[in-house]
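Visitor: With the input below, show me the fold.
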Amino acid sequence: MTKFDEATQAIRVDETTYDVCLDPGYSIGGPLNGGYLMATLLRAVADASPHPHPVSTSAQFLKAALPGPARVVLEPLKTGRTTTVTRATLVRDGDACLDTLVTTAALDGAPAAWSATPAVAMPPVEECVALPDPRPESGMTLSERMELRYDPPTVGWFTGAPTGRPESRAYFRLAEPQDPDPFVLALAVDALPPVAFSAGARGWSPTVELTWHLRALPAPGWLTLIGSGRLIRDGWFDEDVEVWDAAGNLVAQSRQLARLGRGDAT
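Guide: Numbers count the residues shown, from 1 in each chain. So this is what the prediction gives:
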């Protein structure tokens, strides 16, 4: 079992309850990363479902979740021949932190009947850059669990030269060797720095709602993350992420609505 599999493990208590232990290694300065929380919750949903793959997840982030023991509570809403719909809630210390609707199904790996191409062409991974490791006192342990190699123009915010457009692009893989799977994709769709940073925003930008779709089972190798936004206004911004696998397949799509951090976008 890899570190990621262990950190997202869900242990069955009964038909509608799973125990989990939220791992401090996925912290973003205290609160845990939303993609990690979704991956943990989806382990329980997939285990309880007759269909193995979480093809659609709509998540409301109700409260920042801290490391430690927690539970996933399931409410089956519909089970059919091809899909199951489940309401799943992540509960920590009696408080609901994450409330989701999840549709599970079975993907067969058939070739795409039609596919778009990536909106932006990424340079080769060897021409992309890694950001410096955060200071230990920052509590940003998430960066130790994954590798990101950024398209250089999209990290100008880090050096004080943002592009002025909401965008973020990078190659992604776990720090520990592991082929990507649907649960790794749940982490990947929320792994980029907020796209609002490239438009001049600063500070922690909490996700309010995130919906993502699993479109195909990913091939081994680096994943490509392409993030963009359409509107920053009234303290809110949106973020769309496409995830492409090493074989050039679109394997996941997400859209989230988030609050701007401290400081205004320019």
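Visitor: C-alpha only now, for contacts and for neighbours.
Guide: Noted.
Visitor: quick one: the spatially closest residue to T224 that is not a sequence neighbour from S198, how far?
Guide: Nearest residue to T224, sequence neighbours excluded (Cα to Cα, 6 or more residues apart in numbering): Y171, at 4.5 Å. Y171 sits 17 Å away from S198, taking Cα to Cα, to the nearest Å as the criterion.
Visitor: same check, this time on Q256
Guide: 17 Å.
Visitor: Low-confidence bits of the stretch 101-250 of the chain, can you list those?
Guide: The model of the stretch 101-250 of the chain has pLDDT under 70 over residues 137.
Visitor: Can you show me the helices along it?
Guide: 182-188 (DSSP state H, counting those that start in this stretch).
Visitor: distance of G30 from V45?
Guide: G30 is 26 Å from V45, by Cα to Cα.
Visitor: ditto for P177
Guide: In terms of Cα to Cα, P177 sits 25 Å off from V45.
Visitor: which of G30 and V45 has more neighbours?
Guide: V45 (32 against 16; other Cα atoms under 10 Å).
Visitor: Would you agree the more buried one falls within a strand?
Guide: No - using DSSP: H, G, I helix; E, B strand; the rest coil, the secondary structure at V45 is helix, not a strand.
Visitor: Thought P76 was touching it, still the case?
Guide: No - taking contacts as Cα atoms under 8 Å, V45 lies outside contact range of P76: 9.5 Å.
Visitor: And for stretch 75-89, what's in contact with it?
Guide: 16, 41, 45, 49-51, 72-74, 96-106 (Cα atoms under 8 Å, 6 or more residues apart in numbering).
Visitor: Output it as PDB, nothing but the C-alphas.
Guide: Extracted as PDB, the C-alpha positions of stretch 75-89 are listed here (Å, rounded to 0.1, in the frame of the first residue of the first chain):
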ATOM      1  CA  GLU A  75     -27.000   7.900   2.100                       C
ATOM      2  CA  PRO A  76     -27.800   5.800  -1.000                       C
ATOM      3  CA  LEU A  77     -30.200   7.700  -3.200                       C
ATOM      4  CA  LYS A  78     -30.500   5.500  -6.300                       C
ATOM      5  CA  THR A  79     -29.000   2.200  -7.600                       C
ATOM      6  CA  GLY A  80     -29.500   1.100 -11.200                       C
ATOM      7  CA  ARG A  81     -28.000  -1.200 -13.700                       C
ATOM      8  CA  THR A  82     -25.400   1.300 -14.800                       C
ATOM      9  CA  THR A  83     -25.200   4.000 -12.100                       C
ATOM     10  CA  THR A  84     -25.500   4.500  -8.400                       C
ATOM     11  CA  VAL A  85     -26.100   7.900  -6.800                       C
ATOM     12  CA  THR A  86     -25.000   8.500  -3.200                       C
ATOM     13  CA  ARG A  87     -25.000  11.400  -0.800                       C
ATOM     14  CA  ALA A  88     -21.700  11.300   1.200                       C
ATOM     15  CA  THR A  89     -20.800  13.500   4.100                       C
END
